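# Predicted model, plus sequence, below.
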Amino acid sequence: MSEREQRIAVLGAGYVGLVTGACFAELGHAVVVRDILPDRIAALRRGEVPIYEPGLEALLGRNAERLTFTTDVGEAIEGADVVYVAVGTPPTYSGDADLSAVWTVIDELPDVERHIVVAMKSTVPVGTGEKVRHRLDARGLAHVGYASNPEFTAEGTAVKDFMEPDRIVIGAFEEADGDLIARLHDGIEAPIVRSDVASAEMIKLAANAALMTRISFINEIANVCEATGADVVKVAEGIGHDRRIGKSFLQAGVGFGGSCFPKDSLALKQLAANSGYHFQVLNAVIEVNELQKRRVIGKLTQLLDTLRDRRIALLGLAFKPGTDDTRESPAFVLAGRLLAEGAQVIAWDPVASSDGLSGVVQVDSVAEALRDADAVVLVTAWPELADVDWAALAPTMRTAVVVDGRNMLDPETMRAAGYRYDAIGRAATNGLD
Ligand code: UGA
């Protein structure tokens, strides 16, 4: 190893831990990834990647000699200069982030005598770094440094987001510790934002909150478009050209899901509430999203008169394209509501599974899903849905009704293909008048 290259331990082999480990290995560092799940570690040692993330398998394979996997925390930390914490922080029943996995790994850290830096990748409430600092100090580990180095990687593009980020955020108690974390990223071209620990923690939460706010905002604009005869796709294009607004995250649809936004919105809301502050905008963002996930139910009821005994095809189970992750997926909320209304639900997804959704029949092709269906709902914007021969499939349905929950298809083409077509925020073409 050259002087620039460091030894890094990554605690947690989930999406974030594996991407972090693989990317640091790609940058030339020696990385040990540790997880408590023996099966996961055994699979990784065999070269199998337990999650679906484009580019990750290739990266792990290419850097195999710089990557080791273990269940033993002592082995992971031995010789490490930096210890990344990348464990899950799921919501508790109150919405607060559950930090038990974070505390477990912090308490498991061996009593090292040398100077190492603990770097937090897990998304944690503001103030966590301060608490970790006290806990380490109380154990006589004042010489162990601490930094917050949040991740801004999205599932499906995580490797690219790590290697070509918009920015790298580092908040440290000691400047030298922040310098070390910055050096780990040598080779990545991106502005580095250095801050105090609390601000770095807040940057992560605020970035996600800003993105969610845009989604709920455009979804509300969509709902007003439906009521007033405007088309949200055109509206998003028209406002997106304004450089102060920008184009991204303005796709109206059936709401946001995933392992981050829903959890992080609750955590930030709760963090504010715990400090006595009522975060009004964020509360509205969450509420709008919950209503948006259910909006398709109203549309289907209007189109089909009733949902009882209707056969509904759901296209897409993943919370977004490019991943097999179904956590907080709008598809699951929709399926649950449809079943509760007495409908039959047939689902298709190229990679995600309907496991955990009892009562849903999953099929292998779009054609199978549509056969004899009373309506089809596009829930996830899988690119392959744009290539489906919709005209050929219309006659195979009992009634050719489409609700395009991601505004993917061209309304005129779909209507010409024989469908009653509705979408989100496209009143002018919804065929409901
Ligand atoms: C998100 C952020 O984009 C990442 O920057 C962040 O690091 C990550 O959370 C995290 O905190 O770990 P991710 O949840 O993987 O990443 O997915 P996104 O691509 O952000 O999509 C989230 C949800 O918003 C999806 O359900 C998607 O369909 C929805 N969405 C997104 C819209 O409804 N409209 C849009 O215009 C964009």
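Perfect, I can see it now.
# got a list of what the closest residue to residue 189 other than its chain neighbours touches?
Nearest residue to residue 189 in three dimensions, chain neighbours excluded: residue 164, at 7.5 Å (C-beta to C-beta, 6 or more residues apart in numbering). The way it works is simple: take the backbone N, C-alpha and C, and place the C-beta from them, glycine included. For residue 164, the contacting residues are 188, 189, 190, by C-beta atoms under 8 Å, 6 or more residues apart in numbering.
# can you give me the offset of stretch 16-31 from its chain's centre?
20 Å (C-alpha atoms, centre = their mean, to the nearest Å).
# actually stretch 405-424, not the one I typed
27 Å.
# That stretch near the ligand anywhere?
No - against the ligand, stretch 405-424 shows no contacts by C-beta under 6 Å from any ligand atom, the least distance being 7.6 Å.
# before we move on, the earlier item: how close does the residue nearest to residue 189 get to residue 214?
22 Å (C-beta to C-beta, to the nearest Å).
# How about residue 338?
Separation of residue 338 from residue 214 (C-beta to C-beta) stands at 28 Å.
# more crowded one of the two?
residue 338 (23 against 18; other C-beta atoms under 10 Å).
# how about that one, what does it touch?
297, 300, 307, 312, 314, 345.
# Pull up the residues of the stretch 251-400 of the chain that are close to the ligand.
Residues of the stretch 251-400 of the chain lying close to the ligand by C-beta under 6 Å from any ligand atom are 251, 253, 256, 257, 258, 260, 261, 264, 319, 320.
# What count of nearby residues applies to the closest residue to residue 228 other than its chain neighbours?
Spatial nearest neighbour of residue 228, chain neighbours left out: residue 427 (7.1 Å); criterion: C-beta to C-beta, 6+ apart. By the criterion of other C-beta under 10 Å, residue 427 has 20 neighbours.
# ok, now which ones touch residue 427?
Applying C-beta under 8 Å, 6+ apart, the residues near residue 427 are 225, 226, 227, 228, 229, 230, 231.
# With neighbour count and secondary structure as new columns, can the residues you listed be given to me in TSV?
Output for the contacts of residue 427, formatted as TSV (neighbours: other C-beta atoms under 10 Å; DSSP: H, G, I helix; E, B strand; the rest coil):
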residue	neighbour count	secondary structure
225	23	helix
226	23	helix
227	10	helix
228	9	helix
229	9	coil
230	17	coil
231	21	strand
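# Identify, from the residues you listed, the entry nearest to the ligand.
The closest of those to the ligand turns out to be residue 225 (C-beta to the nearest ligand atom; 15.2 Å).
# hang on, isn't the closest one packed against residue 232?
Yes - at 4.5 Å, residue 225 counts as touching residue 232 under the criterion of C-beta atoms under 8 Å.
# Now the common contact residues for those two.
425, 426.
# Going along the chain, name the helices of the stretch 101-250 of the chain.
128-138, 158-163, 175-184, 197-228, 232-240 (DSSP state H, counting those that start in this stretch).
# what's the answer for the stretch 251-400 of the chain, then?
261-274, 280-304, 330-340, 366-370, 390-393.
# out of everything not next to it in sequence, what's closest to residue 278?
residue 272 (7.2 Å).
# That neighbour - how many residues pack around it?
So residue 272, with other C-beta under 10 Å, has 17 neighbours.
# That one contacts residue 282, doesn't it?
Yes - assessed by C-beta under 8 Å, residue 272 is found in contact with residue 282 at 7.4 Å.
# wait, what's in contact with the closest residue to residue 177 other than its chain neighbours?
When the adjacent residues along the chain are set aside, residue 177 lies closest to residue 145, with 3.6 Å between them (C-beta to C-beta, 6+ apart). Residues counted as contacts of residue 145 (C-beta under 8 Å, 6+ apart) are 115, 116, 117, 118, 172, 173, 174, 176, 177, 180.
# Drop anything exposed from the residues you listed.
Neighbour counting over the contacts of residue 145 (16 or more other C-beta atoms under 10 Å) leaves 116, 117, 118, 172, 177, 180 as the buried ones.
# Also near the ligand: which of the residues you listed, exactly?
Among those, no residue sits close to the ligand (C-beta under 6 Å from any ligand atom).
# Output those in a markdown table; the columns should cover pLDDT.
Below are the buried ones among the contacts of residue 145 laid out as a markdown table (pLDDT from 0 to 100):
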| residue | pLDDT |
| --- | --- |
| 116 | 97 |
| 117 | 98 |
| 118 | 98 |
| 172 | 98 |
| 177 | 98 |
| 180 | 98 |
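# Among those, which pair sits farthest apart?
By the measure C-beta to C-beta, 116 and 172 form the most distant pair in the buried ones among the contacts of residue 145, at 13.2 Å.
# thinking again about what came up before, export the helices of the stretch 251-400 of the chain to TSV and tack on mean pLDDT?
Below are those laid out as TSV (pLDDT from 0 to 100):
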stretch	mean pLDDT
helix 261-274	94
helix 280-304	96
helix 330-340	96
helix 366-370	98
helix 390-393	98
